[in-house]
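Enquirer: Using only what follows, build the 3D model:
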Amino acid sequence: MLIAFATLFFSHAVQAADAAKPNVVVIFCDDLGYADIGPFGAEGYATPNLDRMAAEGRKFTNFYVVQAVCSASRTGLLTGCYPNRVGILGALGPASKHGIAAEETTLGEVAKQAGYATAAFGKWHLGHHPQFLPTRHGFDEYFGLPYSNDMWPKHPTAKFPDLPLIDGERTVELNPDQTQLTTWYTRRAVKFIDQHREQPFLLYVPHSMPHVPLFVSDKFAGKTERGLFGDVIAEIDWSVGEILAALKRNGLDDRTLVVFTSDNGPWLSYGNHAGSAKPLAHGKGTAWDGGVRVPCVMRWPGKIPAGSTCDQPAMTIDVLPTVAKLLGVTLDSSRPIDGLEIEGLMTGGADAKSPHDAFYFYWGEALHAIRAGKWKLHFPHPYIHLVTPGADGRPGKLNQQKTELALYDLTADPGESQSVAERHPEVVAELQKLADRARADLGDTLEKRVGTGVREAGKLAE
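Expert: This is a model prediction of the structure:
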């Protein structure tokens, strides 16, 4: 009798522990700017579902990505590492022979260690060959595009092969109807939630939109004052609403952490087909805050305080270690990551502090900027400057400019408009020391990376 009671008690204890582990949904947009959703000041269209998500959760006003470009940014989210550590830089394309290495631990693999069902529906962009696809890196299901939606034969200035739509590891269609992408991803996500309501799951929804070329389904075409871009964001907001409704319908609201954010800032050269980073400087492709600071909303009823705001800086690299902690997974210490868990920033009060002493912003192999506290230091580097924006899907005129060593107080000057380096030489010196530490670890140029701890990306066998 005693043994039976002990067994029953242990069984209930295990079930209670499992129930305390949340489901996780990560919605990751492409080229969505800081001011492109209602909670961050969007104009010309409404985002009622994201407004509700913010009212029921927490806005993160200083949330960053590791680099303002596709593959590198996704590397940070899915591995918890700066992309320079993992060896994936820039944007991988159809000609690339590289992808995420088998030795890296992804967000999906963390969830699998905890016994979770996992799925990814949307844009992958960490390698398109079979060994690099989501199904080989911790995701039970995959449906979507292996790289950006503009990497197709109709690109106006580059020659690309046919764009594959992949289900699992099988190409099911070439050059699919992109007006249906957001709908297809959403339907798959809702079906996955319905099917796995009785077991814990991790769902990753990396939307292809609003990356140009913009596409929207008939149900949202022409519905906003902002035009096509506003219509596209309205459909993304609808998608968020469908996912939240599926959670509620299945009684999973209080057991699910939902994270909504973007891979980088807006592609400003596309004018009215691009979003806004106001009040931040510049956009995609730069280390200015308009390129690397993105909107972020997190919701977990009963855990994350409703209607709250976190102004402490955090980064996409923090998602993986935070999820690992919430799921009770111990990460492999032999392959260090750069992210730190931020459960306190998610669920704590206004006095919660960022666990990072600094954040590093590379472009390719060069360190362009560093943020520590309210300070951001730019090192001398070239950057893309918008001269004249384009219109109706045509890119505008760009040129290359160079910034000298510059220090900004982001609290007083979020637009990084006036350097205060001469007034605060001691701050510049301290940030220089932190930058030297990053260079020693992650390198700075290809030559300087030799002998550092940088890991290699996966490669095709020659």
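Enquirer: Do a quick rundown of the strands in the stretch 151-300 of the chain.
Expert: Taking DSSP state E, counting those that start in this stretch, the strands of the stretch 151-300 of the chain run over residues 164-167, 170-174, 201-206, 256-262, 293-299.
Enquirer: Please enumerate the strands of the stretch 351-462 of the chain.
Expert: Secondary structure of the stretch 351-462 of the chain (DSSP E, counting those that start in this stretch): strands at 359-363, 366-372, 375-378, 381-388, 397-403, 406-409, 458-459.
Enquirer: Give me the distance between L398 and D338.
Expert: 31 Å (CB to CB, to the nearest Å). Heads up, the C-betas are built off the backbone N, CA and C, glycines and all.
Enquirer: Show the pLDDT at the nearest residue to Y147 once chain neighbours are set aside.
Expert: Among residues not flanking Y147 along the chain, H125 sits closest, at 5.0 Å (CB to CB, 6 or more residues apart in numbering). H125 is assigned 98 on the pLDDT scale.
Enquirer: ok, back up a step: looking at the strands of the stretch 351-462 of the chain, which is buried most?
Expert: Each of these was scored by mean neighbour count; the highest is strand 359-363, a mean of 24, by mean count of other CB atoms under 10 Å.
Enquirer: What does A324 show for phi and psi?
Expert: phi -60, psi -40 (degrees, to the nearest 10).
Enquirer: Pretty sure it sits against K112.
Expert: No. Applying CB atoms under 8 Å as the test, A324 and K112 come out as separate, 11.8 Å apart.
Enquirer: of those two, who's got more company?
Expert: Neighbours were counted for A324 and for K112 using other CB atoms under 10 Å; A324 has more, 22 against 19.
Enquirer: need the contact list for the more buried one.
Expert: By CB atoms under 8 Å, 6 or more residues apart in numbering, A324 lies in contact with 110, 330-331, 341.
Enquirer: let's see it at 7 Å
Expert: A324 makes contact with 110, 331, according to CB atoms under 7 Å, 6 or more residues apart in numbering.
Enquirer: On the three-state scheme, G302 is what?
Expert: Here G302 is recorded as coil under DSSP: H, G, I helix; E, B strand; the rest coil.
Enquirer: where does it land on pLDDT?
Expert: 96.
Enquirer: What is the burial count for the closest residue to it other than its chain neighbours?
Expert: The shortest distance from G302 to any non-neighbouring residue, by CB to CB, 6+ apart, is to D254 (4.9 Å). Counted with other CB under 10 Å, the neighbours of D254 add up to 12.
Enquirer: And K248, by the same measure?
Expert: 13.
Enquirer: do S354 as well
Expert: For S354, the neighbour count with other CB under 10 Å is 21.
Enquirer: residue contacts, H282?
Expert: 288, 290-291.
Enquirer: What segments of the stretch 1-150 of the chain are helices?
Expert: Ranges of helices within the stretch 1-150 of the chain are 2-20, 48-55, 70-79, 83-86, 107-113, based on DSSP state H, counting those that start in this stretch.
Enquirer: Name the nearest residue to K112, ignoring sequence neighbours.
Expert: In space, K112 is closest to G138, 5.2 Å off (CB to CB, 6+ apart).
Enquirer: my guess is the one you found meets Q113, correct?
Expert: No. Applying CB atoms under 7 Å, one finds G138 not in contact with Q113, separated by 8.9 Å.
Enquirer: So for these two, which residue has more residues nearby?
Expert: Ranked by neighbour count (other CB under 10 Å), G138 and Q113 place G138 first, with 22 against 16.
Enquirer: mind checking pLDDT for that one?
Expert: Confidence score, pLDDT, at G138: 98.
Enquirer: now swap in the one 4 residues further on and tell me
Expert: The score at Y142 is 98. That number is its pLDDT.
Enquirer: can you pull the contacts of it?
Expert: Counted by CB under 7 Å, 6+ apart, Y142 has contacts 120, 133-135, 166, 168.
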